[in-house]
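Asker: Sequence and predicted structure below; questions after.
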Amino acid sequence: MGVIPDEALTEYYERVRGKTVIITGAGASIGRATAILFASYGAKVVVADKNASSAEDTVSEIRSNEGEATSCRCDVTVWEDLVAMYDLAVQEFGSVDIVVANAGVGEIYGRMLDDFSKERPTKPLTTTIDVNLTGVLYTVHLAQHYLQLNRPQEDRTSRSSSLKAVVLVGSIASWTALTQAPMYTASKHAVLGIMRSLDSSFASRGLRIASIHPFFAGMYRFSLASMDVIHPSIRSATSLVPGIVRLQLAGIPLAPVPRIAGVIFYAASHPDPTCSGAAFWIPDGGAPTFIIPREEFKPGVYEYIDSKSNAASKYDMISY
Ligand SMILES: NC(=O)c1ccc[n+]([C@@H]2O[C@H](COP(=O)([O-])OP(=O)(O)OC[C@H]3O[C@@H](n4cnc5c(N)ncnc54)[C@H](O)[C@@H]3O)[C@@H](O)[C@H]2O)c1
């Protein structure tokens, strides 16, 4: 596991100039800060959000700093919205180079922790899974097509060094259990699984994929290269964190949103191929960012489980 200092996060800024970056959920907080960061280095940004007016606000902020961006109303749970988002990127900017699957919601309408003293349980709504898992799967499915559109054939191999990347936004809940949020925890564990599962097939086609995993995020004033102020309303935690959790977190330094944006930037732009298949862990504000390269998913318990499950699947194949 390596440490990434904040100064290194935008080290490869030249690689994003003129590239097309799509960010879902870019109307607020982490998505907005990421859109502003990419645009400040000359990327052309498609700001997608279910909330059209907040997406438009992000675009206005980018344009007021002479950046290039376009907005699009897109609900990531709706396949047709996502197709229209990718088509817009190609139509406006000619290609798609980086996709950030950021849109996400907390444990809303969960009811997995219902009041079980009632006579009959209430059917739980699965909005959290729909947005955080199905939405991410749709986004990544389409990314594999659109990242290759208008790309030279000879560049679509494992030897390619051109920038074509997907970054998934997980959470500390990808690794640990949030006891009041079973659907959120399941969806974010799944994000890590999607990244690990697709890594090798992405690599064989000259594509990259990584996931980032922040602790609870805070809207702090925090200096990161070109981005000193990230949003006019600086609050202690993003709107995704429920009020009760904010109270529980009082006094704990949250993960600064600009650092999270910087880690997304790093994961997408760093030329080192080992950044693909890697997970980036962004702990509370007092600690730096850690990279967990794919090789480190192999030893110890992972090796044991991999070998057992491979043995079991071989056995299944023989017996059927
Ligand atoms: N805030 C945190 O503490 C924290 C910590 C770890 C990970 N994350 C993850 O970071 C990502 C962004 O979180 P945030 O804190 O910026 O949240 P936020 O609620 O502040 O902003 C999320 C944005 O996504 C949009 N959105 C919601 N549902 C959507 C949908 N179906 N389609 C398209 N857009 C939709 C919202 O309109 C909003 O603009 C999420 O995936 C979240 O799980 C957040």
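Answerer: Arrived safely. Residues are numbered from 1 along each chain as shown.
Asker: Please identify the buried residues of stretch 149-156?
Answerer: 151, 156 (16 or more other C-beta atoms under 10 Å). For every residue, glycine as well, the C-beta is placed using N, CA and C.
Asker: just the CA coordinates of it, formatted as PDB?
Answerer: Taking C-alpha atoms only, stretch 149-156 is exported to PDB below (Å, rounded to 0.1, in the frame of the first residue of the first chain):
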ATOM      1  CA  LEU A 149     -15.800   5.300 -30.400                       C
ATOM      2  CA  ASN A 150     -13.600   7.400 -32.800                       C
ATOM      3  CA  ARG A 151     -10.500   5.700 -31.300                       C
ATOM      4  CA  PRO A 152      -7.900   4.300 -33.700                       C
ATOM      5  CA  GLN A 153      -8.000   0.500 -33.900                       C
ATOM      6  CA  GLU A 154      -4.300   0.200 -33.100                       C
ATOM      7  CA  ASP A 155      -4.800   2.000 -29.800                       C
ATOM      8  CA  ARG A 156      -7.400  -0.500 -28.500                       C
END
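Asker: can you list contacts of that stretch?
Answerer: 90, 94-96, 148, 162, 164, 205-206 (C-beta atoms under 8 Å, 6 or more residues apart in numbering).
Asker: hmm, 7 Å instead?
Answerer: With C-beta atoms under 7 Å, 6 or more residues apart in numbering as the test, stretch 149-156 has contacts from 90, 94-96, 148, 162, 205-206.
Asker: Just the buried ones among those residues, please.
Answerer: Judged by 16+ other C-beta under 10 Å, buried ones among the contacts of stretch 149-156: 95-96, 148, 162, 205-206.
Asker: Would you format the residues you listed as CSV with secondary structure and distance to F216 included?
Answerer: Below are those laid out as CSV (DSSP: H, G, I helix; E, B strand; the rest coil; distance: C-beta to C-beta, whole Å):
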residue, secondary structure, distance to F216
S95, coil, 35
V96, coil, 31
Q148, coil, 36
S162, coil, 35
R205, coil, 35
G206, coil, 35
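Asker: which of the residues you listed lies closest to the ligand?
Answerer: V96 (17.3 Å; C-beta to the nearest ligand atom).
Asker: can you tell me how far that closest one sits from I36?
Answerer: As judged by C-beta to C-beta, to the nearest Å, V96 and I36 stand 19 Å apart.
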